[in-house]
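Chemist: Sequence first, then the predicted structure:
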Amino acid sequence: QKEVEQDPGPLSVPEGAIVSLNCTYSNSAFQYFMWYRQYSRKGPELLMYTYSSGNKEDGRFTAQVDKSSKYISLFIRDSQPSDSATYLCAINWKTSGSRLTFGEGTQLTVNP
Amino acid sequence: KAGVTQTPRYLIKTRGQQVTLSCSPISGHRSVSWYQQTPGQGLQFLFEYFSETQRNKGNFPGRFSGRQFSNSRSEMNVSTLELGDSALYLCASSTSGELFFGEGSRLTVL
């Protein structure tokens, strides 16, 4: 079993839709949760970083963490064509420094 | 503030050769980590350096090595290249748990 599972998609939605991206993880020792966005032929860009259960909002993006279910989500409201990219969840535990465990990424296309 | 800078951006090598990739972290960041990204395996951790010391290492063979200099700049080296080493090599710098990635060095091994 992979430590982090993420539906690879692809996911295609119309402009303005609410997008839900999800990951599950297996190790309850994981404590830090991140979402990255990666455009084609670019490096990953950090979108959200959180370490507690609950919601964290930043503009059109909301990260949700449920530690009891080992489930994390990223919601994108009012999606735009510029949101078309691959979204990667990444998880860390306190003592592992910069050793992130990534999901395989979900490819999202927002159609105008 | 300048981001993470990686050089070269693209390179082509042949099997058996060796390659060195360079990374300049964000100013003030002392931790530099390296990741390999391939379509089949996704993003995989190679190693992390902090204050010139390797702090963490992933499950890669000894052909993959790295180092960090006193100015926090880092290099990684891959010796005796294999076809399977073709990948995007990403460097990330951090200061408080949040990792910031560079654009990557895309290596093609022929």
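Modeler: Happy to help now that I have it. Residues are numbered from 1 along each chain as shown, chains lettered A, B, ... in the order given.

Chemist: was I right about residue A:77 contacting residue A:16?
Modeler: No: between residue A:77 and residue A:16 there is no contact under C-beta atoms under 8 Å: 9.1 Å. C-beta here means a position set from N, CA and C on the backbone, and glycine is covered the same way.

Chemist: Report the beta-bridge partner residues of residue 66.
Modeler: No chain was given, so I picked chain A. Legend: beta-bridge partners of residue A:66 under DSSP bridges are residue A:71.

Chemist: please go with chain B instead
Modeler: Assessed by DSSP bridges, residue B:66 has beta-bridge partners residue B:76.

Chemist: Quick check: it touching residue B:89?
Modeler: No: assessed by C-beta under 8 Å, residue B:66 is found out of contact with residue B:89, at 10.6 Å.

Chemist: The helix or strand where residue A:89 lies packs against which elements?
Modeler: Assigned by DSSP states H and E, residue A:89 belongs to strand A:85-92. Applying 3 or more C-beta pairs under 8 Å, 6 or more residues apart in numbering or on different chains; DSSP states H and E, one finds that strand A:85-92 contacts strand A:4-6, strand A:19-25, strand A:32-38, strand A:71-76, strand A:101-102, strand A:106-111.

Chemist: That one pairs with which strands, and in what direction?
Modeler: In the sheet, strand A:85-92 lines up against strand A:32-38 (antiparallel), strand A:101-102 (antiparallel), strand A:106-111 (antiparallel) (DSSP bridges).

Chemist: Report the mean per-residue pLDDT for it.
Modeler: The average pLDDT for strand A:85-92 rounds to 95.

Chemist: quick one: the nearest residue to residue A:77 once chain neighbours are set aside from residue B:10, how far?
Modeler: Among residues not flanking residue A:77 along the chain, residue A:60 sits closest, at 4.7 Å (C-beta to C-beta, 6 or more residues apart in numbering or on different chains). Distance of residue A:60 to residue B:10, computed by C-beta to C-beta, to the nearest Å: 33 Å.

Chemist: where in chain A is pLDDT low?
Modeler: When residues are selected by pLDDT under 70, those of chain A lie in A:94-96.

Chemist: May I have the beta-bridge partners of the residue lying closest to residue A:39 once chain neighbours are set aside?
Modeler: With sequence-adjacent residues excluded and distances taken as C-beta to C-beta, 6+ apart, residue A:39 is closest to residue A:85, at 4.9 Å. In this entry, residue A:85 is beta-bridged to residue A:108, by DSSP bridges.

Chemist: Contact partners for residue A:85?
Modeler: Contacts for residue A:85 (C-beta atoms under 8 Å, 6 or more residues apart in numbering or on different chains) come out as A:37-40, A:107-108.

Chemist: Just the buried residues of those.
Modeler: Buried residues within the contacts of residue A:85, defined by neighbour count using 16 or more other C-beta atoms under 10 Å in any protein chain shown: A:37-38, A:108.
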